[in-house]
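Undergrad: Model the structure of this input:
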Amino acid sequence: MMSNLFSIFDPSTNLFNLPLNWMSTFLGLMFIPYTFWFIPNRHFIIWNMIITKLHNEFKNLLGPNSFNGSTFIFISLFSFIIFNNFLGLLPYIFTSTSHLTLSLSLSLSLWLSFMFYGWINNSQHMFIHMIPQGTPPILMPFMVLIETISNIIRPGTLAVRLTANMIAGHLLLTLLSSTGINMPNYLIMFLILIQILLLTLESAVAIIQSYVISILSTLYSSEVN
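TA: Numbering: from 1, shown residues only. Below is the predicted model:
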């Protein structure tokens, strides 16, 4: 039962032994040509408002010492994750963000780039960041150990947070839909209502998780400057 249940998250559609389900990762590119219309449509206006709001917020988090245009890295991360999260809610489209393969690749590459940049260019600041201000001398070795461990597990927590939230909602939807076969007719309408409410909740989770991942990545980047 469990193997069949979790098999909905495994790529199964293939052509010449190439998993086609991972092609859903690039379906978000279909929304980009809207920005090249001669007359801006409602989609472009709304998305432009969201990007402008995110740009201002990320710029405040990064601080005045950040490079110009550095916010677009995190805006692109937000766009990529939110497109994949929403596309995963549609029937027969593979949710690539529900796999650690994708989420860990994103978080680990960002974290490694931040660490390399920080330790190469701002090594003194990175050492100071290991010990909070006002720490007693006897506790300094323990604080260095705790800060090191918390820093190392950051990419793992980012990846697991995104993957677990995507898997939990999809599993709940799958379990409820599988019980509809044995239900009487008067309970099926109630089940459909619950499914609609869960889809609404999953839509909110898709937005929140993409926002949380991009905000945390921005905060991790601001610590190395």
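Undergrad: could you measure residue 91 against residue 110, distance?
TA: 31 Å (C-beta to C-beta, to the nearest Å). In this view, the C-beta of every residue, glycine as well, is placed from N, C-alpha and C.
Undergrad: Those two: who's more crowded?
TA: residue 110 (21 against 4; other C-beta atoms under 10 Å).
Undergrad: Let me know the average pLDDT across the strand or helix carrying that one.
TA: Using DSSP states H and E, residue 110 falls within helix 100-121. For helix 100-121, mean pLDDT is 87.
Undergrad: Determine the set of other helices and strands touching the helix or strand that contains residue 46.
TA: For residue 46, the host element (DSSP H and E) is helix 42-62. Applying 3 or more C-beta pairs under 8 Å, 6 or more residues apart in numbering; DSSP states H and E, one finds that helix 42-62 contacts helix 71-87, helix 185-222.
Undergrad: so of the ones you listed, which one's packed in deepest?
TA: Most buried of those, by mean neighbour count (mean count of other C-beta atoms under 10 Å): helix 71-87, with a mean of 20.
Undergrad: if we can go back for a sec, next SSE after the helix holding residue 110?
TA: Along the chain past helix 100-121, the next helix or strand (assigned with DSSP H and E) turns out to be helix 123-129.
Undergrad: would you put the C-alpha positions of that next one in CSV?
TA: Extracted in CSV, the C-alpha atoms of helix 123-129 (Å, rounded to 0.1, in the frame of the first residue of the first chain):
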residue,chain,number,x,y,z
SER,A,123,36.5,35.7,6.4
GLN,A,124,36.8,38.0,9.5
HIS,A,125,33.1,38.8,9.4
MET,A,126,32.3,35.1,9.1
PHE,A,127,34.5,34.3,12.2
ILE,A,128,32.8,37.1,14.2
HIS,A,129,29.4,35.8,13.2
